[in-house]
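Chemist: Need the 3D shape of this:
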Amino acid sequence: MKLPEREKAAHRAAFRKMSAAEKLDHIATYYKWPILLALIALIVLGSVLHRQLTYREPALYLALVNVSVGEDMEKALTEEYLAQRDPGAAGRAVYLYRDLYLSDDADVLNHEYAYASRMKVMGAIQSQKLDVAVMNREGYDLFSSNGFLLELPELLAADPALEQALAPYLTQNSVVLSDNGIEYQLGEAETHDVVTEEAANALSAGVWPRFSDAGFSGEVYVGVLANSPRTDEAIRYLHYLADAAG
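Modeler: Predicted coordinates for the structure are as follows:
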């Protein structure tokens, strides 16, 4: 209800006579919700504006699975790749999934972390926001057995020069075609039968200077995700790594 002008003037006069503490208490009592709503609106607006101003179109999504890299190596895998690919591509980025840990033998201490990493990987794959994975042997085995990786001869055939350069590094691994493990555990099958096939679905990259000079211990594999919508970009990325391999 709209107050008469005389009553408004009386309220203003009464407010002016209040002490500072009384004014704050008055504002908190009668204007708390409008102020809170205004603050929430400002925070949401600021978040949206920040996202729009800082967003860069993804050139590639890269995952580090059971491997960790230093600052220089991370820069080489992201910023330096973009700079070599297109020096003027300031509005693009290589989005990196760091510190992913996958294992079928995770102990009590890291089981939750392994589960969270698996959920993150599955979410990225289902949303087609994962293109290339750099993995240790265990990570490679899990990606391969689940059918996550693209057969590379099929991909590299589009670039004969690259295919020839990478042929010595092609690595085969098992892909599970069928597994009745659940039925076997439930007693619905007498034997546990697993049908697999071999696929050349990764590159053994541990000897490449890009990785060996960074102090990697053990084997390092690079694979392309089977459902990646950016396979052209993935080929460019493998070319970048192949150049580093000499």
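Chemist: Output the lowest mean pLDDT helix or strand found in the chain.
Modeler: helix 20-54 (a mean of 61; mean pLDDT, DSSP states H and E).
Chemist: So for the chain, the centremost residue is which one?
Modeler: For the chain, residue 97 is the residue whose C-alpha lies nearest the centre (Cα atoms, centre = their mean; 3.6 Å).
Chemist: would that residue count as being in a helix?
Modeler: No - looking at residue 97 with DSSP: H, G, I helix; E, B strand; the rest coil, it is strand, so not inside a helix.
Chemist: For it, which non-adjacent residue is spatially closest?
Modeler: residue 63 (4.2 Å; Cβ to Cβ, 6 or more residues apart in numbering). Yep, even glycine has a C-beta here, placed from its N, CA and C like the rest.
Chemist: Pretty sure that neighbour sits in a strand.
Modeler: Yes - assessed by three-state DSSP, residue 63 belongs to a strand.
Chemist: For residue 165, give its distance to residue 237.
Modeler: From residue 165 over to residue 237 the distance is 14 Å, taken as Cβ to Cβ, to the nearest Å.
Chemist: more crowded one of the two?
Modeler: Neighbour comparison, residue 165 and residue 237: the larger count goes to residue 237, with 22 against 17 (by other Cβ atoms under 10 Å).
Chemist: what about the more buried one, distance to residue 191?
Modeler: Using Cβ to Cβ, residue 237 is found at 43 Å from residue 191.
Chemist: And residue 226, by the same measure?
Modeler: For residue 226, the distance to residue 191 (Cβ to Cβ) stands at 29 Å.
Chemist: between these two, who's got more neighbours?
Modeler: More neighbours surround residue 226 than the other of residue 226 and residue 191, with 18 against 6 (other Cβ under 10 Å).
Chemist: gap between the two ends of stretch 220-228?
Modeler: The first and last residues of stretch 220-228 sit 21 Å apart, counting by Cα to Cα, to the nearest Å.
Chemist: what comes up buried for that stretch?
Modeler: For stretch 220-228, burial by neighbour count (16 or more other Cβ atoms under 10 Å) applies to 220, 221, 222, 223, 224, 225, 226, 228.
Chemist: Ok, stretch 98-107 next?
Modeler: Neighbour-count burial for stretch 98-107 [16+ other Cβ under 10 Å]: 100, 101, 102, 103, 106.
Chemist: mind listing the helices in this structure by residue range?
Modeler: Along the chain, counting by DSSP state H, helices occupy 5-17, 20-54, 71-77, 79-85, 111-126, 137-145, 152-156, 160-166, 181-185, 209-212, 231-245.
Chemist: And the fourth one, what does it pack against?
Modeler: Contact analysis of helix 79-85 by 3 or more Cβ pairs under 8 Å, 6 or more residues apart in numbering; DSSP states H and E lists strand 57-65, strand 92-100, helix 231-245 as its packing neighbours.
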